[in-house]
Structure formats: structure tokens, C-alpha cells
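1. Sequence first, then the predicted structure:
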Amino acid sequence: MSAAGAPGEAVAALLELMARLRDPQRGCPWDREQTLRTIAPYTIEEAYEVADAVERGEPQKLRDELGDLLFQVVFHARLAQEQGWFDFAAVASGIREKLIRRHPHVFEDQGHAADVGQLSRIWEQQKARERAAAAAAGAAADHSALADVPRALPALTRAAKLGRRAANVGFDWETASQVRDKVLEEVREIEEALAEAPHASQEKLAEEIGDLLFAVANWGLHLNIDPEEALRAANAKFERRFRRMEALAAAQGARLQALDAAQWDALWRQAKRQT
């Protein structure tokens with residue numbers, strides 16, 4: 001047990017603190033004026049900071065960032081409670097019940113799934129049943145296989161999630177090579193749009209680039225590669241190498257802005273060898 005006490009006690013203390021911050025008379029003016037809509041961007045930001053702490057392998061920072069993210073959950077739950085919707089206990093109970101439903105191989109007498117792939121299928125099948133049940137609850141509900149894919153997700157993550165959902169109902173390429181052909185087709189369409197210059201509009205080019213990125217995301221899925229994780233790794237690699245180039249240039253007393261293409265290329269190749 002940590003110095004903070006039992007988990008239940010720590011959560012209860014956090015909930016009490018949240019109530020005090022929202023107190024109409026004694027609370028914090030900033031916290032009192034917040035709404036579900038105004039704090040949502042902070043929640044997304046905190047989730048990214050958790051992911052960053054994980055990538056950096058910094059335990060103390062991860063603990064702090066998880067705390068920040070938990071506070072966002074508590075904040076949302078408090079605002080919902082004030083509107084008479086639900087409270088934090090309902091949030092915790094709801095996720096517990098959902099996880100039990102989605103793990104029948106653990107909590108029901110069905111034996112153990114053969115592999116991770118089978119577990120993933122069980123998970124997706126249960127999610128699909130839950131979506132169908134929710135859709136049946138009202139005529140106005142969204143019955144699409146793409147229902148409830150959050151629009152606030154990073155675009156590349158959302159592209160992969162939309163692709164998975166479509167594949168679950170049979171709308172998908174049969175092989176990775178077919179997706180590769182689609183990627184090359186999208187590249188050709190960009191080139192065709194550029195060939196129309198100066199008549200090609202930015203809107204048309206943006207549309208074609210978007211199609212290419214969506215196709216690449218689906219190619220990654222067919223290769224069992226998460227496109228968001230792959231791009232995050234590529235970003236980190238580029239940053240390492242660029243920072244190394246900066247260091248190499250500084251060691252030579254060179255001004256970055258004064259370098260020509262050949263010098264940049266030489267520095268880049270050297271940085272690649274060293275990182």
C-alpha cells in the first residue's frame with residue numbers, strides 16, 4: 001500500500017476535493033465556471049501527456065500525468081452529477097460491468113481463448129452486440145457499423161478505427177497487396193491533380209492527400225501495424241536525427257540557415273549513422 005492510503009480512501013478524498021472546487025460559495029472561480037465542453041480539450045491533452053510519459057519511460061512523470069487524467073474523469077463526473085445525469089460511482093460501476101461482459105473467457109465458464117487474435121474477435125463481437133442493443137433502444141439511434149467512433153480522435157487513429165469497423169462487416173480488401181495498389185492509385189491521383197496546376201485547387205489537393213493517408217492507414221492495418229504508433233515512432237526518429245544534425249552543425253560553427261542542400265544532406269546522413 002502506498003503512503004497515500006488505500007485506493008478507495010484516495011479516490012474518496014479526490015471526489016471531496018472536486019466537490020469543494022465546485023462549491024458555489026467557497027469553490028474556485030475558474031473551476032466553477034467550467035462546463036463539460038470547456039474541459040473536454042484538457043482531457044484530450046492529458047491523455048496525450050500520459051502517452052508521452054509512457055514513451056519517455058519516466059515513472060514519476062507517468063504517475064503525475066495519470067493523476068491529471070484521473071482528475072479530468074472526476075471533473076466530468078462531477079459536472080454530470082450536478083446536472084442529474086450520473087456520478088463517479090456510476091462511471092466506475094459501468095466500466096467494471098462492461099469489462100466483465102467483454103471478457104467472457106475470464107468471468108464465464110467458457111474456457112480460455114486460443115490466442116490473442118481470438119480474444120480480439122470476442123472483444124469486437126461483444127462491442128458490436130452492445131452497439132446493436134443501444135441502437136435498438138431508440139429509433140433515432142445511430143445504427144451504422146461506424147457509430148460512436150469519436151470524432152475527436154487523432155485523424156490517423158480514427159482512420160484506422162473506421163477501417164476496422166468496416167472490415168468487421170465485410171467491407172475490406174482481401175490482401176495487403178490490394179491495399180498497396182490503392183495507395184499507389186492515390187499517389188497517381190495526387191500527381192494528376194498537380195499536373196493540372198495552376199488550375200488544381202487547394203481543396204482538391206487536400207482531398208487527394210486525405211485519401212492517400214486513409215489508404216496508408218488501412219495498409220498498416222493489413223500489415224498488423226498500428227498506423228498511429230508507427231507515425232509516432234517516425235516522429236520521434238525524425239526529431240532525434242534533426243536534433244543531432246543541429247548539434248553537428250553547431251560543433252562545426254555552421255549557421256543552419258546558411259547551409260545548402262548538399263550540406264544538409266551530408267549532416268542528415270551523418271546523423272542517421274549516429275542515431
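-> Everything's here; your move. Numbering: from 1, shown residues only.
2. For Leu248, which non-adjacent residue is spatially closest?
-> Leaving aside its chain neighbours, Leu248 sits nearest to Leu267 (5.4 Å; criterion: C-beta to C-beta, 6 or more residues apart in numbering). (Glycine included, C-beta is placed from N, CA and C.)
3. contacts for the helix or strand where Gly210 lies?
-> In this structure, Gly210 is located in helix 202-222 according to DSSP states H and E. Outside helix 202-222, the residues that touch it by C-beta atoms under 8 Å, 6 or more residues apart in numbering are 155-156, 159-160, 163-164, 167, 173, 175-176, 179-180, 182-183, 185-187, 189-190, 193-194, 226-227, 230.
4. Could you give me the buried positions within it?
-> Judged by neighbour count (16 or more other C-beta atoms under 10 Å), helix 202-222 contains these buried residues: 208, 211-222.
5. Would you convert those into CSV that also reports distance to Arg20 and pLDDT?
-> Below are these laid out as CSV (distance: C-beta to C-beta, whole Å; pLDDT from 0 to 100):
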residue, distance to Arg20, pLDDT
Glu208, 53, 93
Asp211, 51, 96
Leu212, 51, 96
Leu213, 46, 96
Phe214, 47, 95
Ala215, 51, 95
Val216, 49, 96
Ala217, 44, 95
Asn218, 48, 94
Trp219, 51, 95
Gly220, 46, 94
Leu221, 46, 91
His222, 51, 94
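6. Export the lowest-mean-pLDDT helix or strand in the chain to PDB, keeping only CA atoms.
-> Least confident helix or strand of the chain, by mean pLDDT, DSSP states H and E, is helix 116-136 with a mean of 70. Extracted C-alpha coordinates of helix 116-136, given in PDB (Å, rounded to 0.1, in the frame of the first residue of the first chain):
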ATOM      1  CA  VAL A 116      -4.800 -13.000 -28.900                       C
ATOM      2  CA  GLY A 117      -6.500 -12.900 -32.300                       C
ATOM      3  CA  GLN A 118      -9.500 -14.800 -30.900                       C
ATOM      4  CA  LEU A 119      -9.600 -12.600 -27.900                       C
ATOM      5  CA  SER A 120      -9.700  -9.500 -30.200                       C
ATOM      6  CA  ARG A 121     -12.600 -11.100 -32.100                       C
ATOM      7  CA  ILE A 122     -14.500 -11.800 -28.900                       C
ATOM      8  CA  TRP A 123     -14.000  -8.200 -27.800                       C
ATOM      9  CA  GLU A 124     -15.200  -6.700 -31.200                       C
ATOM     10  CA  GLN A 125     -18.200  -9.100 -31.300                       C
ATOM     11  CA  GLN A 126     -19.300  -8.000 -27.800                       C
ATOM     12  CA  LYS A 127     -18.800  -4.400 -28.700                       C
ATOM     13  CA  ALA A 128     -21.000  -4.900 -31.800                       C
ATOM     14  CA  ARG A 129     -23.700  -6.500 -29.700                       C
ATOM     15  CA  GLU A 130     -23.600  -3.600 -27.300                       C
ATOM     16  CA  ARG A 131     -23.900  -1.100 -30.200                       C
ATOM     17  CA  ALA A 132     -26.800  -3.100 -31.700                       C
ATOM     18  CA  ALA A 133     -28.600  -3.100 -28.300                       C
ATOM     19  CA  ALA A 134     -28.100   0.600 -27.900                       C
ATOM     20  CA  ALA A 135     -29.400   1.300 -31.400                       C
ATOM     21  CA  ALA A 136     -32.500  -0.900 -30.800                       C
END
